[in-house]
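A.B. asks: With the sequence up front, the predicted model follows.
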Amino acid sequence: MTENTIKSLKNHPRLFVTVKEAAEVLAVSEKHIQNAITKGSLPARRYGRALRILTADFDEWVGTTGRNISGIDRDF
């Protein structure tokens, strides 16, 4: 990669989050996030063995759940 490409990538927000990162942001277990993916309420994509969630999908999912995860209101 060229130096300009690296600088360009640093200036853009991340496209994906991991299951672990999503769980940490919401202060829930990774299993909670995996269950949402399995149920189909949270879209995710598999790249090889890695499971990734589009940041836009995650933001939308958090918005549609009313940010009331596991019955607990949280201020994000």
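C.D. replies: Right, received. Where do you want to start?
A.B. asks: C-alpha from now on. contacts and neighbour counts both.
C.D. replies: Will do.
A.B. asks: By mean pLDDT, which helix or strand of this structure comes out lowest?
C.D. replies: strand 72-73 (a mean of 40; mean pLDDT, DSSP states H and E).
A.B. asks: Output the contacting helices and strands for the helix or strand hosting residue 20.
C.D. replies: For residue 20, the host element (DSSP states H and E) is helix 19-26. Secondary-structure packing of helix 19-26 (3 or more C-alpha pairs under 8 Å, 6 or more residues apart in numbering; DSSP states H and E): helix 30-39, strand 50-54.
A.B. asks: Could you identify the helix or strand that succeeds the first one?
C.D. replies: Yep, that's helix 30-39 we're talking about. Taking DSSP H and E, what comes next after helix 30-39 is strand 45-47.
A.B. asks: So for the residue nearest to residue 22 when sequence neighbours are not counted, what pLDDT did the model give?
C.D. replies: Excluding the flanking residues, the one nearest residue 22 by C-alpha to C-alpha, 6 or more residues apart in numbering is residue 33, at 7.2 Å. pLDDT for residue 33: 94.
A.B. asks: Return the residues in contact with residue 33.
C.D. replies: 19, 22, 23, 42 (C-alpha atoms under 8 Å, 6 or more residues apart in numbering).
A.B. asks: Just want the angle from the helix holding residue 20 to helix 30-39.
C.D. replies: Using axes from the mean of the first three to the mean of the last three C-alpha atoms, to 10 degrees, the inter-axis angle of helix 19-26 relative to helix 30-39 is 110 degrees.
A.B. asks: C-alpha coordinates for helix 19-26, PDB please?
C.D. replies: Extracted in PDB, the C-alpha atoms of helix 19-26 (Å, rounded to 0.1, in the frame of the first residue of the first chain):
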ATOM      1  CA  VAL A  19     -19.300  -9.800  17.400                       C
ATOM      2  CA  LYS A  20     -17.000  -9.100  20.300                       C
ATOM      3  CA  GLU A  21     -16.900  -5.400  19.500                       C
ATOM      4  CA  ALA A  22     -20.700  -5.200  19.200                       C
ATOM      5  CA  ALA A  23     -21.100  -7.000  22.500                       C
ATOM      6  CA  GLU A  24     -18.700  -4.600  24.200                       C
ATOM      7  CA  VAL A  25     -20.400  -1.500  22.800                       C
ATOM      8  CA  LEU A  26     -23.800  -2.700  24.100                       C
END
